[in-house]
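Colleague: Curious how this folds, go ahead:
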Amino acid sequence: MGDGGVRELTQVRDAVVSALRDAGLTALAAFPASHAKDYTSAVAAVAVGTAEGRAMGFCNYLGESYDKTAGTVRELYGKQLDGVIAVDIRGRRAADCEAGCETAAGVLLGGLPAGIRPGELRWEALCWERETGMFLRRGTLQCRAVFVAETGEDGTVFRDFILKGVMTN
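Modeller: Residues are numbered from 1 along each chain as shown. The predicted structure follows:
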């Protein structure tokens, strides 16, 4: 899996699930096959794997940022993960599955947060999944995810890497 962290992969997966839901597609982090019949329209199951992590700048250092509100300077750090987003679309009808794929393709290529930079998108042929009794079409998107972190207000506490373009509380 390279040196990509589980926490960062989870952020990417959650961002993709959220973007698909915002586009009107039912999206889950894992597909519960035992409850497949509960879904009346297409449903997407999202998983993320990474191939390689890279430092950005020297030892991940990007520079400094001035926080006007606090009146302090914070150091910025960044890193990149090259990975693959897997999206499985299932539907009771082939047409539902295909419509779900069209929606997902639009989101994957143009509706993700700024920190996820899409590459090549591939879809397998539509097939029948005996286990769930649904049509299935698997897709994969090569991508690069960019994460940023900064020191705390006192300059000593290093915060977690956060997917660029994603708001946090």
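Colleague: least trustworthy helix or strand in the protein by mean pLDDT?
Modeller: Sorting the helices and strands of the chain by mean pLDDT, DSSP states H and E puts strand 61-67 at the bottom, at a mean of 68.
Colleague: ok, the nearest residue to L136 once chain neighbours are set aside - contacts?
Modeller: Among residues not flanking L136 along the chain, E129 sits closest, at 4.3 Å (C-beta to C-beta, 6 or more residues apart in numbering). Every C-beta, even on glycine, is put in place using the N, C-alpha and C of the backbone. Counting by C-beta atoms under 8 Å, 6 or more residues apart in numbering, E129 makes contact with R90, F135, L136.
Colleague: now the strands for the chain?
Modeller: 26-28, 43-55, 61-67, 72-91, 116-123, 127-129, 134-150, 162-163 (DSSP state E).
Colleague: isn't A27 right up against S41?
Modeller: No. Judged on C-beta atoms under 8 Å, A27 makes no contact with S41 at a distance of 11.6 Å.
Colleague: Who has more neighbours out of these two?
Modeller: Legend: neighbour count by other C-beta atoms under 10 Å for A27 and S41, higher for A27 (24 against 14).
Colleague: If you tally nearby residues, what's the number for the closest residue to I89 other than its chain neighbours?
Modeller: Leaving aside its sequence neighbours, I89 sits nearest to G100 (C-beta to C-beta, 6+ apart; 4.2 Å). Counted by other C-beta under 10 Å, the residues lying close to G100 total 26.
Colleague: Same question for A95.
Modeller: Using other C-beta under 10 Å, the number of residues around A95 comes to 11.
Colleague: List the contacts of the nearest residue to V43 once chain neighbours are set aside.
Modeller: Setting aside the residues directly before and after it, V43 is nearest to T26 in space (C-beta to C-beta, 6+ apart), at 4.4 Å. T26 makes contact with Y39, S41, A42, V43, A44 under the criterion C-beta under 8 Å, 6+ apart.
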